[in-house]
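In: Curious how this folds, go ahead:
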Amino acid sequence: MRPFGEHMAKVLVVFGSKSDESVFNVITEQLGKLAVPFEARVCSAHRTPDDLLELLKQDFEIVITGAGLAAHLPGVIASKIIRPIIGVPVDSNFEGLDSLLSIMQMPPGIPVMAVGVGNGKEAASYAALMLKEYKAVYLKGDEASKPFKKAIEILKEFGVPYEVNAEFEANQLTIKFVGLDEPAEDRDDLILYVPVVGPEEDKALAALNILKNSRKGLWLGLNRGENAALAAVKILNLNGGYGEKLRNFRKTQADKVRKDDKEVRGRGKKK
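Out: Got it, this is the predicted structure:
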């Protein structure tokens, strides 16, 4: 990890509009209280995409980013960098549910860790926790579930030390798999939550429960164990060791899409 100078930001705080000021002011205030150097910016994924690409070239360790409505900004940023990203949904037309799901429900391999709607203070506090040093990942939940197994596969692929269902202790980096009615624990530790829903369960009900239960913790998408594991790897990489593997993983994902494109390309052309 590159050392940071006295005035160099460790956290980039970027929101899509100045109308989100009530949320990002809370974030910057909390980062200040925690003595975490930051830079705050307004940049739109839709209106100023070129400016956003330039911004992401700067030195920083973690991004806290958010928006309302479709909330594309966190996902666009996640597609460009391999640093940890905390997404903050802003209350919008559906009490922030649309923004929360847009941030959480990222495709496999491109994780964004979401806090609850408007939880700027939580986002800043979790960013500060990420700057601590972690050596391993602790997983809690049903080992037989598919999301749990996917998380283990990713951790093994990256060579990350992990423990399964060990006794919980403070200052751990934990991935916890939870059911529909299980809220986050009321504790100030770095816990990544993965809501797990079976094939017969009501997915719409799951969305409403997540809106209610995500008042604490960092949340990944429904059944997205692999994204939780990748988010954990990115946090561990703040102290180095996994950067090359993360870049290679991202390249493999891109190559697969290009391969699929090559197979599909030309289907509409006349022979």
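
In: Can I take it that residue 63 is in a strand?
Out: Yes - per DSSP: H, G, I helix; E, B strand; the rest coil, residue 63 lies within a strand segment.

In: so how many other residues sit close to it?
Out: 24 (other Cβ atoms under 10 Å). In this view, the C-beta of every residue, glycine as well, is placed from N, C-alpha and C.

In: How about residue 259?
Out: Residue 259 has 10 neighbours, counted by other Cβ under 10 Å.

In: Look up how far residue 112 lies from it.
Out: 25 Å (Cβ to Cβ, to the nearest Å).

In: List of residues touching stretch 178-190?
Out: 125-126, 129-130, 132, 134, 141, 170-174, 176, 191, 193-197, 201, 205-206, 209, 212-219, 235 (Cβ atoms under 8 Å, 6 or more residues apart in numbering).

In: Return the members of those residues classed as buried.
Out: Among these, those classed as buried by 16 or more other Cβ atoms under 10 Å are 125-126, 129-130, 134, 141, 172-174, 176, 191, 193-197, 206, 209, 213-214, 216-219, 235.

In: Identify those among those residues that sit within helices.
Out: 125-126, 129-130, 206, 209, 213, 235 (DSSP state H).

In: Could you provide the residues you listed in CSV, with additional columns for distance to residue 243 and pLDDT?
Out: Below are those laid out as CSV (distance: Cβ to Cβ, whole Å; pLDDT from 0 to 100):
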residue, distance to residue 243, pLDDT
125, 25, 96
126, 21, 97
129, 21, 96
130, 16, 96
206, 34, 78
209, 36, 84
213, 33, 86
235, 13, 98
